[in-house]
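Student: Show me how the following folds:
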Amino acid sequence: MTRFSTVSGLLLAASALAATPAFAQQDTANSAPEAPAEAQNLQLAQADTRPVQLAQAATSSETVVVTARRRAEDAQAIPVAVSVVGADVVANTGAYNINRLTQLQPSLQFYSTNPRNSSVNIRGIGAPLGLTNDGIEQGVGIYVDQVYYNRIASATLDFVDIEQIEVLRGPQGTLYGKNTTAGAINVTTRAPSFEFETRGEISGGNYDFKQAKASISGPITDDIAFRVSLSNTTRRGTIWNVTSNSWVNSQDNLGLRGSVLWNATEDLKLTLAADYNLQNPNCCVQYYARVGTTQRALNRQYASLAAAQNYRVPSTNPFDRITDIDAPLSARNELGGASLVAEWNVGAGTITSVTAWRYWDWGPKNDRDFTGLPITPQSQNPTKQNQFTQEVRYAYEAENYDFVVGVFGFNQGIHTTGTESQGPAASRWTLNPGNVAPGAPGCGSSAANQRACNPAVLNGLTAANDIVLKNTSAAVFGKLNYKLTDALTISPGIRFNYDQKSGHYSSVVTGTASDGTRQLVLYTGPYANDPWIADQRGVRQPLYYAPTLAKSNVSYDLNVSYKIADDLMAYVTYAKSFKSGGINLNGIPVDANNQPIMAAATIKPEDVSAYETGVKSQFLDGLATLNVTGFWTVIKNYQANVNNGALGLVRGYLANAGKVQVRGFEAEFSVQPAEGLSAYASGTYNDHSYVDFSDAPCPPELSGGGTGLPISAPGTPGGNSPANCNISGQWLPGISNWSFSWGGEAATPANLVGKEGEIYFGYDASYRSKFSSNASRSIYMDVDAYALHNFRVGFRTREGVNLFFWLRNALDQNYFEQLVPTPSNTGLIAGQPGDPRTYGATLAFRF
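Tutor: All right, here's what the predicted structure looks like:
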C-alpha cells in the first residue's frame, strides 16, 4: 500500500466517524468555559472560511485577526506592514508551501536549489542568495505556533492544517524571540476544538500529482481537547533524465502534526504539540541553461572542453526539460519536534511560556558538475541538527497603554559530514591541457599538460569534510504602546541580544600519487612535491580551522501612529537592528603559505537601519481597503555570499559588503463591490543596490583569466581578470524592481445534485520583473521577467463541501526560478526552470 493510499484511507475513516451518531451527538456541554464577548468576536472572525479573502480583502464584517504584536488584533488597526493569507486561500490557490505563497505576496521571495540551499527574503533582504552556510542565520524568522524554526529547510515543507499565515515586513526583534531584521513569517495552525470536527481534502492532477490532507479534532474530557492532522503530496518530476531513464525534481512530502489542549484552570491553558515531516523526492537537479564566454583560454571554455570529451547535452533548450546528469540524486529532508505552550492569565496580564525542541536530518546526493560527464559525481553534505528554545513573555494591557516584555534563549548544535569526489572526466575538464586547438581531445607535450589527459590524476580525489557548529543566543526584549490621545499612540521597543558561536571546519583530502598509491593530499611530507598531489591541491585543498564569535548588541525601534479617522490610520517607524554575526563553515581562502585566512573565518553582524511610513484605510462602508507603505532600509556590513568558481568546485563563503540599501513602496488593495464578487491587487516597487562593495567577487565574464595588466574586456578568452570587482551601484541578487499579484473571484447561488451552494470562478496572477541571480550581477545570469496566471472553477456548499478544478501557469510560461554558476569558470550556466502548466481537481469537505 502506498503512502498516498494510506492517507486517503484515513480520510475516508475520518468521514465515517464524523457521520456516526456518537459523533453527531456531541454538543457544547463539552466545551471550554465561555470566553469574554470580545474574545468570542475575535474567534468568530478567525473562523470565517470564505475562500476568496486575503488580508487585504477583509471587510468591516470580516475582521482579519492577527497576532503580529503578540496579541489578537484587527490587521487594519495595527501600525505594522503585515499581510495575511487564510486557510481557504491557501487551499484554493494551491499555495501549500512558502514557494507557492510568494505568488500571493509580492514582497516575499523564496529561492531553493534543494531544501538545504534555500533562502527566504522579505523586501529582498534576509539571507544571501546561493549556497547555505551553517554558520550564519536567516534574517527572516519562521514561526509556527510561536515556535522559532531555525533551519531554512523547514521553508520547503508543506503547510499542515493551517489557520492562517502572517507575513510581517521589517525588523521584528522587539516583539519576537529570535532577532529577525528583515521580517517574519508567522504561521498559526488550527487549535484543538471542544466540538468534534473532521476536515479532509483530496487532489489529483497531471504529472501524477496527488495530495491528501486530513484533520480530526474533538474533546477528550471537559477540559482536554485534541487535534491530529496529516498531509501527503506526491508528484513525479517535470524533467526527464536520459541517463537514469527517470523523471527528476519530483515531490514526495509527508507531514504529521498532533496537539493536545488542556484548560487546566480558567486562567491557565497548556498546549502540547508535536510534528514530523519527511521529504524524500528524486531531486534536485539544475542543468544546462546557457553558455557565456569567460576569460579562460578558449580551449578551456565549455564548448571546447565538451568537444574534447566528445560530449553533447541532450538539448540546449532548457525548456525541453531534458537532462543527462549521471550522479544519483536524493533530497531526504526530515524535520520534527515538540513544544509546550503555557498561557497564564494573571490579573490584567498574561504570561506566555514557549518551550520547544526541534531536529533536522538532511541526507542529500547531488551532481555538482551539472553535466552528464563524471567530473564531480559526489558532492553532498549530510547534516544533523538539534535545537532548543525557551521564550517567556509577559503582556499587560491597561486603559491607555499596553506592553510586552520577554526573554528568549536559543541553543543549537549542527554536525555535517560531507563528501566530495572527482571522477575520471575531471582531469581533462579542470587541468590545463596546454596550447592545443579548441575542442581537440589531446594535450600539450609537457608533463604538466599531459596530466590533463590522464584521467587517473584526479579520478578518486576525495574530500571528507567534518563541520561542527555550536550556537547559543540569549535576549531580553520589550515593546510599549502608549496612547497619548485617543488618536495618537507612541510605541518604543528595545532588545538586548547576545550571540556566541563556535565550531570547526575540517577537510581531509585523499588522492592518488604518481606512483599509484593512495595518499593524503598535504603541503608537507614525502609526497608534498609529487606532481599529481600538487595538481590535486589546486583542485581541493586540505583545510582545518576553528572559528569563534561572541557579540552583543542593542536593537531598538520607535513607532508613532495617528488615527486620522475611524477607517484611516497613518504611521511612521524607525528601527535599528542587528543580524547576528556568523562564522564561515564552508571553507575559506588560504594565504601564500597555504594557511587559512582567519580574517575571513568570521562575519560581522549586519547593522540595519530601517525607515517605514504607511497608511491603512477602509472605505465604501468597509467593503474596500487600501494600504500603502514606503520603506527604506540601509544595511552596513551586509553579509554577502562569495562564490569562488575558480576551483574544481563552487565554493561559497561569506564576506561583509560595506553597505547596501533597499527602498521603495508597497500597496495592497481589495474590494468587494457586490455580494459574491471580490477583487484584490498588490504590488511592490523595490530600488535596490550595493552602495559600497569594492572588493566583491567578479562575475563569470570577468573571471578565469590571467593576473596581469591591463584588465581585459568582459568575456575575452585568454584575457586578464581582476582579483576582485567593484560592484557598488549594482543590483542586489534575487530582487525584482517590480512585483505584483492580483486576482478575484465571482460566485453565484446554485443548486447542484440537490445541494444548495454557489458556483464560483477564481483568477490569481503574479508578475516579477527581471532580477539578477548571481551575487555579482552577470550579463549571463539575469532571470527574465515573467507572469503566471492561475484559474479555478468550482461548486461549494454551506456545509463545507468544495469541489473545484484548477489550472496553474495557464499560459505555460517558460521561466527560471534561479540560475547558478558552475565550477571552473567554463562559462556554463545551469538553471532551474519553474513549473510548467499544471491542472487538476480538488475535493474538500468538513463536518
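Student: hey, where'd the helices end up in the stretch 451-600 of the chain?
Tutor: Ranges of helices in the stretch 451-600 of the chain, per DSSP state H, counting those that start in this stretch, are 531-539.
Student: Same check on the stretch 201-350 of the chain?
Tutor: For the stretch 201-350 of the chain, applying DSSP H, counting those that start in this stretch gives helices covering 302-308.
Student: Run through it and note the low-pLDDT ranges.
Tutor: Counting by pLDDT under 70, the stretch 201-350 of the chain contains no low-confidence residues.
Student: quick one: the strands in it?
Tutor: With strands called from DSSP state E, counting those that start in this stretch, the stretch 201-350 of the chain shows them at 209-219, 224-235, 239-241, 246-248, 251-263, 268-279, 287-291, 322-323, 330-346, 349-365.
Student: In TSV: the ones you listed, plus distance to G141.
Tutor: For glycine as for every other residue, the C-beta is placed from the backbone atoms N, C-alpha and C. Putting the strands of the stretch 201-350 of the chain into TSV (distance: least, C-beta to C-beta, whole Å) gives the following:
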stretch	distance to G141
strand 209-219	26
strand 224-235	23
strand 239-241	33
strand 246-248	32
strand 251-263	20
strand 268-279	18
strand 287-291	32
strand 322-323	35
strand 330-346	16
strand 349-365	13
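Student: which stretch among those strands comes nearest A775?
Tutor: strand 287-291 (17.3 Å; C-beta to C-beta).
Student: could I have that closest one exported to PDB, CA atoms only?
Tutor: Listed next in PDB are the C-alpha coordinates belonging to strand 287-291 (Å, rounded to 0.1, in the frame of the first residue of the first chain):
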ATOM      1  CA  TYR A 287      21.200  21.600 -15.700                       C
ATOM      2  CA  TYR A 288      22.300  23.300 -18.900                       C
ATOM      3  CA  ALA A 289      20.600  26.700 -19.300                       C
ATOM      4  CA  ARG A 290      23.000  28.700 -21.400                       C
ATOM      5  CA  VAL A 291      26.700  29.300 -22.100                       C
END
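Student: The chain should start at 190 in everything you say after this.
Tutor: Let's use 190 as the start, then, which means that last one is strand 476-480.
Student: same for that strand, what does it pack against?
Tutor: Using 3 or more C-beta pairs under 8 Å, 6 or more residues apart in numbering; DSSP states H and E, the elements in contact with strand 476-480 are strand 1017-1022.
Student: partners of the helix or strand following the strand it packs on, with directions?
Tutor: Downstream of strand 1017-1022, the next assigned helix or strand under DSSP states H and E is strand 1027-1035. In the sheet, strand 1027-1035 lines up against strand 386-394 (antiparallel), strand 991-997 (antiparallel) (DSSP bridges).
Student: Now do strand 1027-1035, average pLDDT.
Tutor: Averaged across strand 1027-1035, pLDDT comes to 96.
Student: these two touch, right, R852 and D876?
Tutor: Yes - between R852 and D876 there is a contact at 5.2 Å, judged by C-beta atoms under 8 Å.
Student: So which of the two has more stuff around it?
Tutor: When R852 and D876 are compared for neighbours, R852 comes out ahead with 16 against 13, by other C-beta atoms under 10 Å.
Student: ok, and the closest non-adjacent residue to Q569?
Tutor: P553 (4.6 Å; C-beta to C-beta, 6 or more residues apart in numbering).
Student: Tell me the bridge partners for that neighbour.
Tutor: Taking DSSP bridges as the rule, P553 bridges to A520.
Student: quick revisit: can the strands paired with strand 1027-1035 go into JSON lines with extra columns for distance to Q784 and mean neighbour count?
Tutor: As requested, the strands paired with strand 1027-1035 are arranged in JSON lines below (distance: least, C-beta to C-beta, whole Å; neighbours: other C-beta atoms under 10 Å):
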{"stretch": "strand 386-394", "distance to Q784": "56", "mean neighbour count": "20"}
{"stretch": "strand 991-997", "distance to Q784": "53", "mean neighbour count": "19"}
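Student: Ok, which of these comes nearest N624?
Tutor: Between those, strand 991-997 lies closest to N624; by C-beta to C-beta that is 53.0 Å.
Student: May I have the closest one exported as PDB, CA atoms only?
Tutor: Written as PDB, here are the backbone C-alpha positions of strand 991-997 (Å, rounded to 0.1, in the frame of the first residue of the first chain):
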ATOM      1  CA  ASN A 991     -16.000  22.200  -2.100                       C
ATOM      2  CA  LEU A 992     -15.200  20.700  -5.500                       C
ATOM      3  CA  PHE A 993     -13.200  22.700  -7.900                       C
ATOM      4  CA  PHE A 994     -11.000  22.400 -10.900                       C
ATOM      5  CA  TRP A 995      -7.700  24.300 -11.200                       C
ATOM      6  CA  LEU A 996      -5.300  25.400 -13.800                       C
ATOM      7  CA  ARG A 997      -1.900  26.800 -12.800                       C
END
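Student: ok, how many other residues are close to S406?
Tutor: The number of residues packed near S406 is 22, by other C-beta under 10 Å.
Student: What residues does it make contact with?
Tutor: S406 sits next to 379, 381-382, 385-387, 414-417 when contact means C-beta atoms under 8 Å, 6 or more residues apart in numbering.
Student: Show me which of those is closest to K752.
Tutor: Of all the contacts of S406, K752 sits closest to R379, with 32.6 Å by C-beta to C-beta.
Student: Can you give me every residue that contacts the closest one?
Tutor: R379 makes contacts with 276, 350-352, 404, 406, 416, 418, as judged by C-beta under 8 Å, 6+ apart.
Student: if we go to 7 Å?
Tutor: Residues near R379 by C-beta atoms under 7 Å, 6 or more residues apart in numbering: 350, 352, 404, 416.
Student: The strands of the stretch 390-539 of the chain: which one's closest to Q574?
Tutor: Proximity to Q574 (C-beta to C-beta) singles out strand 538-554 among these, at 4.0 Å.
Student: in that closest one, what's buried?
Tutor: Residues of strand 538-554 classed as buried by neighbour count (16 or more other C-beta atoms under 10 Å): 538-547, 549, 551, 553-554.
Student: What of stretch 436-455?
Tutor: By 16+ other C-beta under 10 Å, the buried positions in stretch 436-455 come out as 436-452.
Student: tell me the pLDDT at the closest residue to T822 other than its chain neighbours?
Tutor: Nearest residue to T822, sequence neighbours excluded (C-beta to C-beta, 6+ apart): A799, at 4.6 Å. The score at A799 is 96. That number is its pLDDT.
Student: Now do the same for A799: helix, strand or coil?
Tutor: With DSSP: H, G, I helix; E, B strand; the rest coil as the basis, A799 sits in strand.
Student: just C632 next, same as before
Tutor: Put simply, C632 is coil when judged by three-state DSSP.
Student: How many residues are close by the residue nearest to T822?
Tutor: For A799, the number of neighbouring residues by other C-beta under 10 Å comes to 23.
Student: I figured it hits R358, correct?
Tutor: No - in this structure A799 lies outside contact range of R358 using C-beta atoms under 7 Å: 9.6 Å.
Student: what is in contact with these two at once?
Tutor: Here A799 and R358 have no joint contacts, going by C-beta under 7 Å, 6+ apart.
Student: Next, the contact list for W618, please.
Tutor: When contacts are counted by C-beta under 7 Å, 6+ apart, W618 touches 494, 562, 564, 1013.
Student: quick one, phi psi at the third one?
Tutor: Geometry field for I564 lists phi and psi as phi -90, psi -60, criterion degrees, to the nearest 10.
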